[in-house]
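Q: structure of the sequence below:
(one chain, ligands or ions: 1)
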Amino acid sequence: MTLTPHLHVEGPSRLVAYDFGAHLAEWTVDGLPVVWLSGHARLDGSRPIRGGVPICFPWFADGPDGDLSPSHGVVRNTSWTSVEPQDGEVWAWRIAREDVAGSAGAVHVPGNFELRYAVAVAGSAQAPVLDLALRVHNPGDDELSVEVALHTYLHVGDVREITVLGLEEATYLDKVTGRVETQDGPVRLRGETDRVYDRSGPVVVEDRTTLRALHVVPRGAAQTVLWNPWADKAAQIEDLGEEEWLRFVCVETAARGERSLRLAPGESVEVGTRVGPTPIGTEAG
Ligand SMILES: O=P(O)(O)OC[C@H]1O[C@H](O)[C@H](O)[C@@H](O)[C@@H]1O
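A: Residues are numbered from 1 along each chain as shown. Predicted coordinates:
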């Protein structure tokens, strides 16, 4: 099966998305990717799409106790239902617990849930801003505790040449070493990077290669995950081409572990991310 893409062109923006995973796969501005898609991504529904913005839910990676699969939960492996976009949204989708019943990992879903996800483009033609909004609703009678992430793959010219601002002095779990550390100054990636920062403020990725700054503004989740597999790990990832690891960094709006979302019966919360490129040296629009 080949997945059918949705395409949207608006001013300098071009967006591609799939119902499978409600996955925004590409956002280019003036022909240059901001949200990056692997040239080796499988677009046949046989595995999650490598790149774009995978939605991780109701667990992140292998879950709070490290024993769940598939990686990042069940909704990025399932086709969502398109619903009517509202108020300037480009696309919107919905999925609920019954839609994942029977899928791999469904037995680990911790309770009833309903998700609505929307992709919008805001800002101006000169400074477009992508807005991603995931509403999580608990329609059940019990508290719902879930992990979630908007796992944004941002395009950079060379990940070794970027500076990530906004995480200074934040504590983080280094998933590579298993240690908890404190960020000393801006982040410059020097090897495999897989960190869960206890911070939910704006992050700026300065990319000296493309002469762009990518501004990421999260909402509704307490953590920021920074990920790049680097050369050796990337070589083991089937749907990443040679050297493709140089072309992206993931800056993820996340709520995992002790910072999971806890929803009372009937409660809804929204987790979102805004992303916008600006030329280096100017402020976000
Ligand atoms: O390969 P995936 O299942 O898409 O996961 C890719 C990566 O996602 C997150 O950033 C996790 O923190 C990493 O540990 C994981 O390797």
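
Q: next, count neighbours for D19.
A: Residues lying near D19 (other Cβ atoms under 10 Å) number 19. For the C-beta atoms, the positions are set from N, CA and C on the backbone; glycine is no exception.

Q: which residue packs closest to it, ignoring adjacent ones?
A: Once flanking residues are discounted, D19 sits nearest to S79: 4.7 Å by Cβ to Cβ, 6 or more residues apart in numbering.

Q: before we move on, what about Y18?
A: Of all residues not flanking Y18 in the chain, L3 sits nearest, at 4.8 Å (Cβ to Cβ, 6+ apart).

Q: wait, doesn't that neighbour sit right on L43?
A: Yes. Contact status for L3 versus L43: in contact at 4.9 Å, counting by Cβ atoms under 8 Å.

Q: okay, buried residues for stretch 129-146 please.
A: 129-140, 144, 146 (16 or more other Cβ atoms under 10 Å).

Q: residues in contact with the residue nearest to D19?
A: D19, F20, G21, G45 (Cβ atoms under 8 Å, 6 or more residues apart in numbering).

Q: between these, which sits nearest R179?
A: G21 (32.0 Å; Cβ to Cβ).

Q: how many neighbours does the nearest residue to that closest one once chain neighbours are set aside have?
A: Closest residue to G21 apart from its sequence neighbours, by Cβ to Cβ, 6+ apart: R76 at 4.0 Å. Neighbours of R76 under the rule other Cβ under 10 Å: 23.

Q: one more: E267?
A: Neighbourhood size, E267 [other Cβ under 10 Å]: 14.

Q: list phi and psi for it.
A: Note on E267: its backbone torsions stand at phi -80, psi 150 [degrees, to the nearest 10].

Q: ok, L150 touching A133?
A: No. Between L150 and A133 there is no contact under Cβ under 8 Å: 9.3 Å.

Q: shared neighbours of these two, which are they?
A: By the contact definition Cβ under 8 Å, 6+ apart, L150 and A133 are jointly contacted by V271, G272.

Q: what is in contact with L3 and L43 at once?
A: In terms of Cβ under 8 Å, 6+ apart, L3 and L43 are both contacted by the residues Y18.

Q: show me where the stretch 151-285 of the chain has its strands.
A: Using DSSP state E, counting those that start in this stretch, the strands assigned to the stretch 151-285 of the chain run over residues 162-165, 171-174, 180-182, 193-197, 203-207, 212-219, 223-228, 248-255, 261-263, 268-279.

Q: can you tell me which of the ones you listed comes nearest to the ligand?
A: Relative to the ligand, the nearest member of the strands of the stretch 151-285 of the chain by Cβ to the nearest ligand atom is strand 223-228, separated by 3.3 Å.

Q: that closest one pairs with which strands, and in what direction?
A: Here strand 223-228 has these sheet partners by DSSP bridges: strand 193-197 (antiparallel), strand 248-255 (antiparallel).

Q: tell me which of these sits most buried.
A: Greatest average neighbour count among those goes to strand 248-255 (a mean of 25), per mean count of other Cβ atoms under 10 Å.

Q: can that one be said to contact the ligand?
A: Yes. Contact of strand 248-255 with the ligand (Cβ under 6 Å from any ligand atom) involves C250.

Q: first-to-last residue distance for stretch 240-251?
A: 18 Å (Cα to Cα, to the nearest Å).

Q: now for the residue of the stretch 51-200 of the chain found nearest the ligand: which residues touch it?
A: Closest contact between the stretch 51-200 of the chain and the ligand, by Cβ to the nearest ligand atom, is at S71 (3.4 Å). By Cβ under 8 Å, 6+ apart, the contact list for S71 reads P48, A61, D62.
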